[in-house]
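**Q** Provided below are the primary sequence and the corresponding predicted coordinates.
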Amino acid sequence: MASLVYTPVEDIEKIRAELQAGFDSGKTKSIAFRKYQLLQLAYLIQDNTKAFEDALASDLGRHSLESHFLEITSSIAEVMDAYKNIESWAKPEKPSLSVNWMFSRPVITKEPKGVCLIISPFNYPMWLVGPPLSGAIAAGNAVVIKPSEACPAVANLWAELLPKYLDPSIVRVVNGAIPETTKLLELPWAHLLYTGNGRVAKIVAAAAAKTLTPISLELGGKSPVFVDSECDMDLAAKRILWGKIANGGQTCVAPDYVLVSKAAQDKFVAALKTAYASFYPETTGDSPTPPQNFTKMVHQGAFKRVQGLIQNTKGTIVVGGETDEATKFISPTIVKDVKGDDSLMSEEIFGPVLPIVPVENLDEAIAYVNSHDHPLALYVFSGSEAYKKKVFESTQSGSAVANETLIQAATTGLPFGGIGPSGCRFSWYPAHRSLTILPQPGTIRGRQFGFLMFTHLRASIDSPGWIDKILGFRYPPYTSNKLAKVQARLSVKLPPRPSGPPAVAAASGRKWWLFAFAVAIVGALTRMKNLKSLALNLIRA
Ligand code: NAD
């Protein structure tokens, strides 16, 4: 394994100051400058693909096909997306027309925030550096990259290549572990993007609070998979198993565990075994060998943690279970009859182990998911629209995915991020409903979300003098005449007061209508009875 070249802690403040000077020079305001840097970043990856492949193999024992599909090609695609769209993303926007304010010519300009910090985790050490960096550069910022020390070969490569391709007065790498990151966190940043686990996120958020640094947190958690007993089990098994084993299960949106009905569990396990045999033909037969070219656990700590989860499970291991400390290898492992309080359900697994939790019915599965943290991703395998709708409408998660795993994270144009403990990325979202700034399907493709995270939406007006003919009432002395003008010109007209709150849920709404219907019927019958006695009385009279 490569050894990391650490950045001296005492250099870190100087690096930040040099980047501030680079930013203050104003060069990043130029779109042409940003485009040049973006293209250089794309070439950095393309020219050094083999070096990245080797570094990823050294750090993670990963096959080059996985590295290409999961990181290298998608990183270049994201950088080029920013390169191609930057002009439209950076255009100022006008809010929707308001008669009261239109003469002040309101406009929102998209401005860089300043010197930003990106702290990345080990599991995708290219993809979680390149694309966020491209968003920050496209938005016109200067950036410090802090790669994960758990992938020293890739971290060293970033430190070696970035100054060769990009302007070092706006992009720098700080390599190191806790002391270096702690020093970085003592400094103020225009924006801080942290991707990693929730425990460290609390340290990062607390440090950022001290310098009022705005943050985005990309975290993880246990992403559940609902498997409908009526679904195409073979397809479901193949896609779930692939999502679990890719990168040795060390993916933030990996399917963490499966919820399936007790009656369908064995059918699903049989489908998983078939998928497993097709993925790893060498593991079946009389003398099976562990899968070749399988991504290893990143370090001994991760290996021991996942091995412990397997050793302590009370479920039944139906596939795999082999581990090898020397190579940090954990074989793809499937465990059935797992209960909610099992070791495998105690934390995000982040390894190639798939627990299957049998449930009575869909309601029990939904209740289980809702009694835990909102997941980063939530998967449903079903051909039934009603089943998918019920799961999606009854739960909350970063993304909601039907009949697929993982690839929502790389789907161009879709935002990526968690909710609550799985992360917060969109705190910068403008509250004003009229903005067209959010990417609209079919209009703006790509990772504008990354661009926006590192962009300050600057509100601006340019008010002509004659406006005081209309708004002069704001100046003292305050008189009742001026107050009347405020009320007449600026008061907002409310719609008619509603008779009561609308029915919240379909079920309670139906009950309300049933009740109203019953009252109406009783009323009508009473009235009919009264009319009948009136008529009888009249006849008698
Ligand atoms: P990691 O160990 O590489 O740590 C991530 C970063 O935090 C590193 O740069 C490291 O130097 C820094 N760090 C570690 N300890 C620190 C401390 N005490 N103080 C300051 N900084 C510290 O990676 P990890 O956190 O184990 O990453 C895995 C987690 O990240 C999983 O939970 C996964 O789900 C999540 N993740 C989320 C996303 C996403 O986009 N939402 C993507 C990838 C990974």
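**A** That came through, no problem. Residues are numbered from 1 along each chain as shown.

**Q** got the contact list for His352?
**A** Just to correct that, residue 352 is Pro rather than His. By CB atoms under 8 Å, 6 or more residues apart in numbering, Pro352 lies in contact with Lys244, Ile245, Gly248, Gly249, Phe294, Gly320, Ile330, Ser331, Pro332, Thr333. All C-beta atoms are positioned from the backbone trio N, CA, C, and that covers glycine.

**Q** hmm, the helix or strand containing the first one touching the ligand?
**A** The reference is to Lys244. If you go by DSSP states H and E, Lys244 is part of helix 233-245. No - using CB under 6 Å from any ligand atom, helix 233-245 stays clear of the ligand, coming no nearer than 13.3 Å.

**Q** pull out the buried positions in the next helix or strand after that helix.
**A** Where DSSP H and E defines the elements, the next helix or strand beyond helix 233-245 is strand 255-261. Using 16 or more other CB atoms under 10 Å as the test for burial, strand 255-261 gives Pro255, Asp256, Tyr257, Val258, Leu259, Val260, Ser261.

**Q** strand 255-261: partners in the sheet, and parallel or antiparallel?
**A** strand 223-227 (parallel), strand 353-359 (parallel) (DSSP bridges).

**Q** ranking those strands by burial, who's on top?
**A** strand 223-227 (a mean of 26; mean count of other CB atoms under 10 Å).

**Q** who's in contact with that strand?
**A** So strand 223-227 is contacted by 233, 236, 240, 253-260, 264, 268, 362, 365, 368-369, 375-382, 387, 391, 397, 405 (CB under 8 Å, 6+ apart).

**Q** one more: stretch 307-320?
**A** 269, 272-273, 276, 321, 323, 325, 330-339, 342-344, 346-347, 349, 351-353, 355-356.

**Q** same check on stretch 185-200?
**A** Residues contacting stretch 185-200 (CB under 8 Å, 6+ apart): 12-13, 16, 112-121, 128, 132, 136, 141, 148, 201, 203-204, 207-208, 211-221, 252, 348, 421, 453-454.

**Q** could you measure from Ala138 over to the ligand?
**A** From Ala138 across to the ligand, the span is 19 Å (CB to the nearest ligand atom, to the nearest Å).

**Q** quick one: secondary structure of the closest residue to that residue other than its chain neighbours?
**A** Closest residue to Ala138 apart from its sequence neighbours, by CB to CB, 6 or more residues apart in numbering: Ala82 at 4.1 Å. Secondary structure, DSSP: H, G, I helix; E, B strand; the rest coil: Ala82 is helix.

**Q** pLDDT for the buried residues of strand 255-261 - can I get that in JSON lines?
**A** Formatted as JSON lines, the buried residues of strand 255-261 follow (pLDDT from 0 to 100):
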{"residue": "Pro255", "pLDDT": "98"}
{"residue": "Asp256", "pLDDT": "98"}
{"residue": "Tyr257", "pLDDT": "98"}
{"residue": "Val258", "pLDDT": "98"}
{"residue": "Leu259", "pLDDT": "98"}
{"residue": "Val260", "pLDDT": "98"}
{"residue": "Ser261", "pLDDT": "98"}
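
**Q** before we move on, back to that, of all the strands paired with strand 255-261, which one is nearest the ligand?
**A** strand 223-227 (8.8 Å; CB to the nearest ligand atom).

**Q** the closest one to helix 233-245, inter-axis angle?
**A** Orientation of strand 223-227 against helix 233-245 (axes from the mean of the first three to the mean of the last three CA atoms, to 10 degrees) gives an angle of 170 degrees.

**Q** show the average pLDDT along strand 223-227.
**A** For strand 223-227, mean pLDDT is 98.

**Q** pull the CA atoms of it into PDB?
**A** Extracted in PDB, the C-alpha atoms of strand 223-227 (Å, rounded to 0.1, in the frame of the first residue of the first chain):
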ATOM      1  CA  SER A 223     -30.800   2.100   2.600                       C
ATOM      2  CA  PRO A 224     -33.600  -0.400   2.600                       C
ATOM      3  CA  VAL A 225     -35.000  -2.500  -0.300                       C
ATOM      4  CA  PHE A 226     -38.600  -3.500  -0.400                       C
ATOM      5  CA  VAL A 227     -39.100  -6.700  -2.500                       C
END
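
**Q** who in the stretch 351-500 of the chain is up against the ligand?
**A** Within reach of the ligand by CB under 6 Å from any ligand atom, the stretch 351-500 of the chain has these residues: Leu376, Gly418, Gly423.

**Q** helix, strand, or coil at the second one?
**A** Going back to what we said before, that points to Gly418. coil.

**Q** tally of neighbours for it?
**A** Burial measure for Gly418: 26 neighbouring residues, criterion other CB atoms under 10 Å.

**Q** quick check, it in contact with Leu219.
**A** Yes - under the criterion of CB atoms under 8 Å, Gly418 makes contact with Leu219 at 5.6 Å.

**Q** what is in contact with those two at once?
**A** With CB under 8 Å, 6+ apart as the test, Gly418 and Leu219 both reach Leu376.

**Q** thinking again about what came up before, just the buried members of the contacts of stretch 307-320?
**A** By 16+ other CB under 10 Å, those give 269, 272-273, 276, 321, 323, 330-338, 342-344, 349, 351-353, 355-356 as buried.

**Q** just the ones of those in strands?
**A** Thr323, Ile330, Thr333, Ile334, Val335, Lys336, Val353, Pro355, Ile356 (DSSP state E).

**Q** distance of the fifth one from the ligand?
**A** Read it as Val335. Counting by CB to the nearest ligand atom, the gap from Val335 to the ligand is 20 Å.

**Q** what number of residues are in the vicinity of the nearest residue to that residue once chain neighbours are set aside?
**A** Nearest non-adjacent residue to Val335, counting by CB to CB, 6+ apart: Gly315, 4.1 Å away. As a burial measure, Gly315 scores 20 neighbours (other CB under 10 Å).
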